[in-house]
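> Just need the structure, nothing else, for what follows:
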Amino acid sequence: MTTASPDTDATAALTRVIEALDVVLEDFPPDPGTVTMETRFVEDLDLQSIDLVALTAELRSHYGERVDFPAYFASLDIDRIADLSVGDLVHHIVDRLR
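Purely as a prediction, here's the structure:
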């Protein structure tokens, strides 16, 4: 039986994204327990594009080059980015690490 490494687990990736959000939004972090896979970055968390850049920079400090965030965002159109959920980003992370 093969088990996934902790880095490729969606729960671990979700935890890492929430931790990164707390760093990026240090002045107004989301309330504990309110960020889920369905939470949308723009509509629910009111992130601006600069916040998304800071979030991916924070995540890159953990994942390094293994997860290519600039290429991921470049592959999305503006409407898709505006509707991006935490789960979308988590799934991208997990997919890239497998």
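> What ranges does this protein have for its helices?
Remark: helices assigned in the chain by DSSP state H are 10-24, 49-63, 69-74, 78-82, 86-97.
> CA-only coordinates of the shortest one in CSV, if you can.
If I follow you right, that is helix 78-82. The C-alpha coordinates for helix 78-82 follow below in CSV (Å, rounded to 0.1, in the frame of the first residue of the first chain):
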residue,chain,number,x,y,z
ILE,A,78,-9.6,37.0,-15.5
ASP,A,79,-13.1,35.7,-14.7
ARG,A,80,-11.7,32.4,-13.5
ILE,A,81,-9.2,34.2,-11.3
ALA,A,82,-11.9,36.4,-9.8
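> so how far is it off the chain centroid?
Put simply, helix 78-82 sits 15 Å off its chain's centre (C-alpha atoms, centre = their mean, to the nearest Å).
> returning to what we had before: can you list the helices of the chain in CSV and add mean pLDDT and mean neighbour count?
Backbone N, C-alpha and C define where each C-beta goes, glycine included. Formatted as CSV, the helices of the chain follow (pLDDT from 0 to 100; neighbours: other C-beta atoms under 10 Å):
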stretch, mean pLDDT, mean neighbour count
helix 10-24, 96, 18
helix 49-63, 95, 16
helix 69-74, 93, 13
helix 78-82, 94, 11
helix 86-97, 96, 18
